[in-house]
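Peer 1: for reference, the sequence and a predicted model appear below.
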Amino acid sequence: MSPPIRMAPPASTEPDPRGRKTSRRRSVLLIALIGTAVLIVGALVFASVYVVRIDSAVEQNLQRVDEMPPDSPTDPSESPRPAKNPASKAINYVLIGSDSRAVGNAGAGRSDALMVLHLTGDRREAYLISFPRDLYVPIPGHGKDKINAAYAYGGTALTIRTLEGLLDTRMDHVAVIDFAGFIGLTDDLGGVTVYNQYPSRSDGYAFPQGNVTIRGQQALAYVRERKQLPHGDLDRAERQRAVVAAIMKKGLSPAVIADPDRFVRFAGGAARHISVDRQLTDRELRKTAASLRLTPDDVFALQAPITGFGTSPTKQSIDIVDQPKLDVLAAALRDDRMTDYVASYPN
């Protein structure tokens, strides 16, 4: 069994005064990104070992679509996409949680979760960076708004452009996932173990402080709870990142590596609920797989920095960007120096 995941405290320790009323369905969608992370990292690692069976399981279930923004914008008022840093061999994946496997177009509704998965150039570390859904940022062509509004305004392509504008960093691939297969993902792994900082009870399940092993409906109850947590949505997001990292680590564990049937079944189940861009081909997966040097302890989860909470001009509750720290994070992503960023900002 992989060691339990211990997460750093949230970026802000002041209680969220807003009392957000996020629906239970949206809470489920937030954690559904687990499937994407596992498919991209887990399948990459194991494709070189079980190449034929993995290829078959993923190819039969994975949907590919054209949803990356064009390099040269059609609107002359739009800025071109950031160029790839020629000195960096890192890969950045945008992970979007929505209410459908289909990649979103304009008017598809707001995205319910947003992460960047960063694989370092030496392929020895992976970083999952979550962007709070209420983060107040510039959205190209739409002024400032919550970051999840980009999906409603312009689908996946605008979401990518928003992230690239925010970070001045090239995003290489995108994956969109629904939540229908989440229960099966945790069940296929026999549950995952995380360190629970704050005790709570949800849907008939008790989660004491300390290490807890969760799966299926129990896992859903764990990651969607916020009202009993002292810092509300920030603590809930911390739980979600912990579970994402735990599933990735469990997927990289010797127990799964030694059981081809178990991993192939798991990868195929994840793929059924995922859509990716056409550039993320089987060949690209194999190429990255051959270069990966990850171990279960090389997956790190963190949140884009905020200073606290506020209210927008349209009276919406928002998360306020910590711009100085975000600039440092952006440079670390662009220059492949995430190790330095985490060392500078361990919390």
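Peer 2: Good, I have the coordinates.
Peer 1: which residues of this structure score low on pLDDT?
Peer 2: Scanning the chain with the threshold set as pLDDT under 70 gives 1-51, 54-55, 66, 98-112, 178-184, 252, 257, 286, 296.
Peer 1: middle-most residue in it, spatially?
Peer 2: The residue lying closest to the centre of the chain (CA atoms, centre = their mean) is residue 115, at 3.4 Å.
Peer 1: residue 132 is in contact with that one, correct?
Peer 2: No. Applying CB atoms under 8 Å, one finds residue 115 not in contact with residue 132, separated by 10.7 Å. Just so you know, the C-beta spots here come from the backbone N, C-alpha and C atoms, and that holds for glycine as well.
Peer 1: bridging residues for the residue nearest to the centre of the chain?
Peer 2: Residues in a beta bridge with residue 115, per DSSP bridges, are residue 95, residue 130.
Peer 1: part of a strand, is residue 302?
Peer 2: Yes. Residue 302: assigned to a strand according to DSSP: H, G, I helix; E, B strand; the rest coil.
Peer 1: residue 135 versus that one, what's the distance?
Peer 2: Between residue 302 and residue 135 the computed distance is 14 Å (CB to CB, to the nearest Å).
Peer 1: now residue 304
Peer 2: In this view, residue 304 and residue 135 are 7 Å apart by CB to CB.
Peer 1: in the stretch 151-300 of the chain, which spans are strands?
Peer 2: In the stretch 151-300 of the chain, the strands defined using DSSP state E, counting those that start in this stretch lie at 173-177, 192-196, 200-202, 205-207, 210-214, 274-277, 299-303.
Peer 1: helices of the stretch 101-250 of the chain, start to end?
Peer 2: For the stretch 101-250 of the chain, helices defined by DSSP state H, counting those that start in this stretch occupy the ranges 149-167, 182-188, 216-224, 233-251.
Peer 1: and the last one, C-alpha only, in PDB?
Peer 2: If I follow you right, that is helix 233-251. Only the C-alpha atoms of helix 233-251 are listed here, as PDB (Å, rounded to 0.1, in the frame of the first residue of the first chain):
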ATOM      1  CA  ASP A 233     -14.100  25.400   0.200                       C
ATOM      2  CA  LEU A 234     -10.300  25.600   0.700                       C
ATOM      3  CA  ASP A 235     -10.300  22.600   3.000                       C
ATOM      4  CA  ARG A 236     -12.600  20.800   0.600                       C
ATOM      5  CA  ALA A 237     -10.200  21.500  -2.300                       C
ATOM      6  CA  GLU A 238      -7.400  20.300  -0.100                       C
ATOM      7  CA  ARG A 239      -9.200  17.000   0.400                       C
ATOM      8  CA  GLN A 240      -9.800  16.700  -3.300                       C
ATOM      9  CA  ARG A 241      -6.100  17.300  -4.200                       C
ATOM     10  CA  ALA A 242      -5.100  14.700  -1.600                       C
ATOM     11  CA  VAL A 243      -7.400  12.100  -3.100                       C
ATOM     12  CA  VAL A 244      -6.100  12.900  -6.600                       C
ATOM     13  CA  ALA A 245      -2.500  12.400  -5.500                       C
ATOM     14  CA  ALA A 246      -3.400   9.300  -3.500                       C
ATOM     15  CA  ILE A 247      -5.000   7.600  -6.500                       C
ATOM     16  CA  MET A 248      -2.000   8.500  -8.700                       C
ATOM     17  CA  LYS A 249       0.300   7.100  -6.100                       C
ATOM     18  CA  LYS A 250      -1.700   3.900  -5.700                       C
ATOM     19  CA  GLY A 251      -1.700   3.500  -9.500                       C
END
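Peer 1: count of neighbours near the nearest residue to residue 144 once chain neighbours are set aside?
Peer 2: Of all residues not flanking residue 144 in the chain, residue 138 sits nearest, at 5.4 Å (CB to CB, 6 or more residues apart in numbering). For residue 138, the count of nearby residues is 14 (other CB atoms under 10 Å).
Peer 1: residue 149 is in contact with residue 138, correct?
Peer 2: No. Using CB under 8 Å, residue 138 makes no contact with residue 149, being 11.3 Å away.
Peer 1: what touches both of the two?
Peer 2: Shared contacts of residue 138 and residue 149, defined by CB atoms under 8 Å, 6 or more residues apart in numbering, are absent.
Peer 1: how many residues are close by residue 242?
Peer 2: Residue 242 has 23 neighbouring residues, counting by other CB under 10 Å.
Peer 1: and it, how far from residue 335?
Peer 2: Noted for residue 242: a distance of 27 Å to residue 335, by CB to CB.
Peer 1: also residue 236?
Peer 2: Relative to residue 335, and taking CB to CB, residue 236 is found at 31 Å.
Peer 1: more neighbours: which of the two?
Peer 2: More crowded of residue 236 and residue 335, by other CB under 10 Å: residue 236, with 24 against 16.
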